[in-house]
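Participant: what's the 3D shape of this:
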Amino acid sequence: MQLTNAAAQNLIEFSKEFNVRPSVIAGIRRVIINDLEFQLHKEAATVDQVLGKALGYPYYCSDQKNFPGSTVADGVCTGEHVPESLADEAAAHLIRMAAAINQVLSGTQALEPYVYSTLSKGLGTYAGPSVPPKET
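Facilitator: Have a look, this model is predicted:
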């Protein structure tokens, strides 16, 4: 991640105006960039968890063999997904659900056969939003 030219120019002007060494400005710049990268990563992780739970991904604590000691607070396992791929998956589910609703409302097909045949094939392993396992 890099600062924009305008931001870099502001730091140079600050350096000159307050007689601050360029190395100090470079250090400040690194701190700002590191903080922005951390915040971006944190936001992406939050989006992954929200979408992963809505899409029915399994909780880490459901697989104690591979994730020993994990709890519901650790969230769901989205694998190698990133927010963009999870959003694509969520959009595909919404499109299929809208199509199913339109089919039912148009009266061309009964709800039950449609949901259990066509829709379930299109949804793959989707079983609804993730529900935290009950802790024993």
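Participant: Quick one: classify the residue nearest the centre of the chain as helix, strand or coil.
Facilitator: Closest residue to the average C-alpha location of the chain: Asp48 at 2.1 Å, with C-alpha atoms, centre = their mean. Using DSSP: H, G, I helix; E, B strand; the rest coil, the structure places Asp48 in helix.
Participant: Distance of the nearest residue in space to it that is not next to it in sequence relative to Leu55?
Facilitator: Sequence neighbours aside, Thr78 is the residue nearest to Asp48 in space, at 5.0 Å (criterion: C-beta to C-beta, 6 or more residues apart in numbering). For every residue, glycine as well, the C-beta is placed using N, CA and C. According to C-beta to C-beta, to the nearest Å, Thr78 stands 8 Å off from Leu55.
Participant: Identify the contacts common to these two.
Facilitator: Leu86 (C-beta atoms under 8 Å, 6 or more residues apart in numbering).
Participant: Tell me, how many residues neighbour Ile101?
Facilitator: Neighbour count of Ile101, defined by other C-beta atoms under 10 Å: 11.
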